[in-house]
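J.: model this:
(one chain, ligands or ions: 1)
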Amino acid sequence: MGAKAADELTVGDEVEVEIGPVAHGGHCVARYAGRVLFVRHSLPGERVRARITEGGSGDRFLRADAVAVLDASEHRVPSRCPAAGPGGCGGCDFQHVGTGHQRELKARVVTEQLKRLAGIDREVRVEALDDEDGLRYRTRVEFAVDGATVGLRRHRSHTVEAVPGCPIAVPEIDAGLAEVRADVAGDPGALEGISAIDVVVPTGEEDTVVVEVPGDAPTPPIPMTEVVDAPLGRIPMAVDARGFWQVHRDAPRVFVEAVLAAARVEPGERVLDLYSGVGLFSVPLAAAAGEQGQLIAVESDRRATDHLRENLDDRPWALVVPGRVDDLFGVPRKGPKGAKGGRNGRGRTRGRPTRSDLLPPSADVIVLDPPRSGAGRGVVEALVSLRPRRMVYVACDPAALARDTAYLAERGYALTGLRALDAFPMTHHVECIAVFEPARGSVPSP
Ligand SMILES: C[S@@+](CC[C@H](N)C(=O)[O-])C[C@H]1O[C@@H](n2cnc3c(N)ncnc32)[C@H](O)[C@@H]1O
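T.: Predicted coordinates for the structure are as follows:
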């Protein structure tokens, strides 16, 4: 078959391409006759045969997998996981890359996002956490269930890959998976009505917790304890087995140290911890502010706020405000894509929420750790109006961080510190802890 024209490429076609720079999302950019391909399982500088996995004529770009490496990068290594690779488990993006170079690729992505979305030139170094070769670090894995198959989903697919185990998870997780599989082998209907199996290895408990997640009902509360080795001592924290907790076994300790160092809270100060979860940062921040100070934690998840109250119980100067950060600050939620005239999905106008009286008019320090979508313009503007002397932004998505960095700069807050931490080796994910302060000479406008 002769070479296809670029605009005729469809799923299943294979083309030879030179791989260009790494891009956000776990793939690299290549061009075929000018058409952009995002190629997984490749590395910058390689020549590969890429099989198209998504897209066709009319699409702005195509997705592809490198199915044969014709000219390999020096940073390519044998995959540590038999289930990773083209068509396999979608959990890891960089199993084929040396760990040092994974961090280099992530650093390039953070640098590029900051340049492109915030106009900031900044060299970034991604720091390793305490893990051996980027393996055996995850303390929780949610396995997908399809009939009697238990495994992990393929990339951008609902198909469940029956992985033999997960080399980035702590060994107890593989043991939990093996137990579930043994149960299913004895009774093939054992997982009827179950959509997922969550295996959790809490640091404060002896036993692994295996949660069968029902497909059509909420999981009942499963309280457990995590223990954090914080600078001020060991902190036991109540959390639900299905609730948010940092997945890398070393992340809670390292993040708490980094946030405390970045926040520089003085006794007597008023500190806000937004998107607080069960209080990983709230508890040490409340200790730093002391009883002459104040800690206000905001979290929307009901179960998390119950645990947050429990975790802050012995600090009466800490206030838990349940609810969404945007609603509580009176910031209108963004409507669904394509909606017009401020109407919500049900066709009713969603009015501007009223700012909560529980939120203060000012704050000395604000820590925020939003979900992947980031804080957004409205929340950024509300935070700036509190005139904090310092904001610490914990970000799991460098693109959202870069976008919010631009909003903060518009309002007079400059990026003055940045650490990037490799809390998710073998994947493209990276955690950033950024510090913002009023830009010199500028008075932040409300
Ligand atoms: C990335 S987690 C961080 C939690 C905590 N800082 C930690 O490290 O354990 C984000 C938290 O924000 C909560 N959340 C998501 N959207 C929210 C919103 N709009 N307002 C308040 N909390 C929200 C989630 O329930 C989750 O607990």
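
J.: what's the burial count for the residue of the chain at minimum distance from the ligand?
T.: Closest approach between the chain and the ligand, counting by C-beta to the nearest ligand atom: Gly277, at 2.8 Å. For the C-beta atoms, the positions are set from N, CA and C on the backbone; glycine is no exception. Applying other C-beta atoms under 10 Å, we find 23 residues neighbouring Gly277.

J.: And the pLDDT for the nearest residue to it once chain neighbours are set aside?
T.: Spatially, and ignoring its direct neighbours in sequence, Gly277 is nearest to Phe244 (4.8 Å; C-beta to C-beta, 6 or more residues apart in numbering). We have a pLDDT of 98 for Phe244.

J.: just Arg355 next, same as before
T.: Taking Arg355 on its own, its pLDDT is 96.

J.: My read is that the residue of the chain closest to the ligand contacts Val298, right?
T.: No. In this structure Gly277 lies outside contact range of Val298 using C-beta atoms under 8 Å: 10.6 Å.

J.: one step back: against Val298, how distant is the residue nearest to Gly277?
T.: Computed as C-beta to C-beta, to the nearest Å, the Phe244 to Val298 distance reads 14 Å.

J.: could you show me where the helices are in the stretch 1-150 of the chain, in order?
T.: All helices of the stretch 1-150 of the chain, identified by DSSP state H, counting those that start in this stretch, fall at 99-118.

J.: in it, what spans have low per-residue confidence?
T.: Low-confidence segments of the stretch 1-150 of the chain (pLDDT under 70): 1-2.

J.: Can you show me the strands along it?
T.: Secondary structure of the stretch 1-150 of the chain (DSSP state E, counting those that start in this stretch): strands located at 14-23, 27-32, 35-40, 47-54, 61-71, 126-128, 140-146, 149-153.

J.: Quick one: those strands as a markdown table, columns for mean neighbour count too.
T.: Shown next, in a markdown table, are the strands of the stretch 1-150 of the chain (neighbours: other C-beta atoms under 10 Å):
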| stretch | mean neighbour count |
| --- | --- |
| strand 14-23 | 18 |
| strand 27-32 | 21 |
| strand 35-40 | 22 |
| strand 47-54 | 20 |
| strand 61-71 | 18 |
| strand 126-128 | 18 |
| strand 140-146 | 20 |
| strand 149-153 | 19 |
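
J.: Can you check which of these gets nearest to Ser362?
T.: Closest to Ser362 of the strands of the stretch 1-150 of the chain is strand 126-128 (C-beta to C-beta; 33.3 Å).

J.: Residues in a beta bridge with Ile194, which ones?
T.: Per DSSP bridges, the residues bridged to Ile194 are Pro214.

J.: for it, what are its contacts?
T.: Applying C-beta atoms under 8 Å, 6 or more residues apart in numbering to Ile194 gives the contacts 145, 212-215.

J.: ok, and which of these reach the ligand?
T.: Subset of the contacts of Ile194 in contact with the ligand: empty, counting by C-beta under 6 Å from any ligand atom.

J.: This structure against the ligand: which residues are in contact?
T.: Residues of the chain found near the ligand (C-beta under 6 Å from any ligand atom) are 244-246, 275-277, 280-281, 298-301, 304, 324-326, 369, 371.

J.: and those, which are buried?
T.: Taking 16 or more other C-beta atoms under 10 Å as the criterion, what is buried in the residues of the chain next to the ligand is 244-246, 275-277, 280-281, 298-301, 304, 324-326, 369.

J.: Show only the entries of those residues found in helices.
T.: Mapping these onto helices (DSSP state H) picks out 304, 325-326.

J.: residues touching Val259, list them.
T.: Applying C-beta under 8 Å, 6+ apart, the residues near Val259 are 281, 284-285, 367, 392, 394, 433.

J.: Give me the secondary structure label for it.
T.: helix (DSSP: H, G, I helix; E, B strand; the rest coil).

J.: For His75, give me its contacts.
T.: Under the criterion of C-beta under 8 Å, 6+ apart, the neighbours of His75 are 43, 97-98, 101.

J.: got CSV for those, with neighbour count too?
T.: As requested, the contacts of His75 are exported to CSV (neighbours: other C-beta under 10 Å):
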residue, neighbour count
Leu43, 23
Val97, 25
Gly98, 17
His101, 18
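
J.: what's the most distant pair in those residues?
T.: So, those by C-beta to C-beta: farthest apart are Leu43 and Gly98, at 9.9 Å.

J.: Can you check which residues contact both of those two?
T.: Among the neighbours of Leu43, those also in contact with Gly98 (C-beta under 8 Å, 6+ apart) are 75-76.

J.: what separates Glu299 from Asp326, distance-wise?
T.: Per C-beta to C-beta, Glu299 is found 13 Å from Asp326.

J.: just Ile19 next, same as before
T.: From Ile19 across to Asp326, the span is 40 Å (C-beta to C-beta).

J.: now Asp187
T.: Distance of Asp187 to Asp326, computed by C-beta to C-beta: 46 Å.

J.: Please apply the same query to Ala439.
T.: 25 Å.

J.: Okay, now the unreliable bits of the stretch 151-300 of the chain?
T.: In the stretch 151-300 of the chain, no residues with pLDDT under 70.

J.: Settle this for me: Glu54 is touching Arg156, isn't it.
T.: Yes. Between Glu54 and Arg156 a contact is recorded at 6.9 Å, counting by C-beta under 8 Å.

J.: Need the overlap of contacts for those two.
T.: Among the neighbours of Glu54, those also in contact with Arg156 (C-beta under 8 Å, 6+ apart) are Arg63.

J.: out of the strands of the stretch 1-150 of the chain, nearest to Leu260?
T.: Closest to Leu260 of the strands of the stretch 1-150 of the chain is strand 126-128 (C-beta to C-beta; 16.3 Å).

J.: now what about that closest one, what contacts it?
T.: 99, 103-104, 106-107, 110, 419-422, 425, 430.

J.: okay, the residue most central in space within the chain: pLDDT?
T.: Nearest residue to the geometric centre of the chain (C-alpha atoms, centre = their mean): Cys396, 3.9 Å. The score at Cys396 is 98. That number is its pLDDT.
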